[in-house]
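A.B. asks: Here's a sequence, model it:
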Amino acid sequence: MGDAAAEGNPFLWLTTFTDVMALMLTFFVLLFAMSEPEKKSFSEITSALQQEFNRFYGAQMNAGPEETINIAKINFDQALDIRYLQALIQSVIDRHTDLAGRVVLIPRYDSLIISLPEDLLFEPGQASVKDEGGKALYSLAATLARIKNKITLVGHADPSAMDTAKDFGFTTNWDVSMARAAAVAAILDNVGYTYPVTIQGAGRGRYDDIGTSLPEDRRLDLSRRVDIVIMNYDWRAERVYPDSAFP
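C.D. replies: Prediction:
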């Protein structure tokens, strides 16, 4: 009787085979679950995956709870996302009365601009950072020193006459803007930002970009400043000279 049934359905053996394979698969899954992966190999895999994801979504940020910003929880191994960096810098500004209401944050698609007015940092016509400005810069620089984002410092002057600046040895607005950007760069270096910084000077201080509806004295005030431009990539992303350029 059994032989007749077997001859009628030649695929009955697949049932037993499937049961055996399922048991073996379960056994190996249990063995894998109880095993401990090699830490080094696991770290290499996660690092490789993280790099691939960062190409499209930006660097990983361990920011902690959304309602708080804790600098100790941030992953500083790579450039920080501009939106998170804006929230981080804003929290620093809010905690310091000498910065609040005076420092302006301007987010862009590829960068974050920290705009520092002249009256916070410098005396008229001078390029040496005054004591009040030094304290304000140190408050910001303590945070900036820990990030790896590319930073460009742009000093701005205004198109007005240089009578005051000439008393301190400057001949053009461009000289003043460059010297002020260099002074801010020196403070960043003293605090611990050890990566390359690009320094630029803008003699007219983007004066023409400021709305003409503002009073003239206000336009001039806004054009005298130093901008800290933080890019959305780290300083290593820019290579001016490829290896092939050298013999």
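
A.B. asks: Skipping adjacent residues, who's closest to Thr143 in space?
C.D. replies: Val92 (5.5 Å; C-beta to C-beta, 6 or more residues apart in numbering). Yep, even glycine has a C-beta here, placed from its N, CA and C like the rest.

A.B. asks: In the helix or strand harbouring Ala186, which residues are buried?
C.D. replies: If you go by DSSP states H and E, Ala186 is part of helix 173-191. The neighbour-count check on helix 173-191 (16 or more other C-beta atoms under 10 Å) flags 173, 175-185, 187-188, 191 as buried.

A.B. asks: again, but for stretch 145-152
C.D. replies: For stretch 145-152, by 16+ other C-beta under 10 Å, it's 145, 147-152.

A.B. asks: Name the residues that touch the lengthiest strand in the chain?
C.D. replies: Taking DSSP state E as the criterion, the chain has its longest strand at strand 225-234. With C-beta atoms under 8 Å, 6 or more residues apart in numbering as the test, strand 225-234 has contacts from 58, 78-79, 81-82, 85, 110-118, 121, 140, 144, 147-156, 180-181, 184, 195, 205.

A.B. asks: Which of those residues fall within helices?
C.D. replies: Judged by DSSP state H, the subset of the contacts of strand 225-234 located in helices is 82, 85, 118, 121, 140, 144, 180-181, 184.

A.B. asks: In a markdown table: those residues, plus pLDDT.
C.D. replies: Shown next, in a markdown table, are these (pLDDT from 0 to 100):
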| residue | pLDDT |
| --- | --- |
| Ile82 | 87 |
| Leu85 | 89 |
| Glu118 | 85 |
| Leu121 | 88 |
| Leu140 | 87 |
| Leu144 | 86 |
| Arg180 | 88 |
| Ala181 | 89 |
| Val184 | 90 |
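
A.B. asks: State the pair within these that is farthest apart.
C.D. replies: Ile82 and Glu118 (25.5 Å; C-beta to C-beta).

A.B. asks: before we move on, back to that, for the longest strand of the chain, which strands pair with it and how are they oriented?
C.D. replies: strand 111-117 (antiparallel), strand 149-156 (antiparallel) (DSSP bridges).

A.B. asks: now the angle from the longest one to helix 173-191?
C.D. replies: Which is strand 149-156. Angle between the axes of strand 149-156 and helix 173-191 is 140 degrees (criterion: axes from the mean of the first three to the mean of the last three C-alpha atoms, to 10 degrees).

A.B. asks: Once you drop chain neighbours, what's closest to Ala157?
C.D. replies: Closest to Ala157 by C-beta to C-beta, 6+ apart is Asn173, at 3.7 Å.

A.B. asks: Can you identify the element that follows the lowest-mean-pLDDT helix or strand in the chain toward the C-terminus?
C.D. replies: Using mean pLDDT, DSSP states H and E, the weakest-scoring helix or strand in the chain turns out to be helix 2-8, at a mean of 55. Toward the C-terminus, helix 2-8 is succeeded by helix 13-34 as the next helix or strand (DSSP H and E).

A.B. asks: Check the burial of the spatially closest residue to Pro117 that is not a sequence neighbour by counting its neighbours.
C.D. replies: Ranked by C-beta to C-beta, 6+ apart and with sequence neighbours excluded, the top spatial neighbour of Pro117 is Arg225, at 5.2 Å. Look at Arg225: counted by other C-beta atoms under 10 Å, it has 25 neighbours.

A.B. asks: Ok, Gln90 next?
C.D. replies: 15.

A.B. asks: so who does it touch?
C.D. replies: With C-beta under 8 Å, 6+ apart, Gln90 has these contacts: Leu105.

A.B. asks: In terms of helices and strands, where is it?
C.D. replies: helix 82-95.
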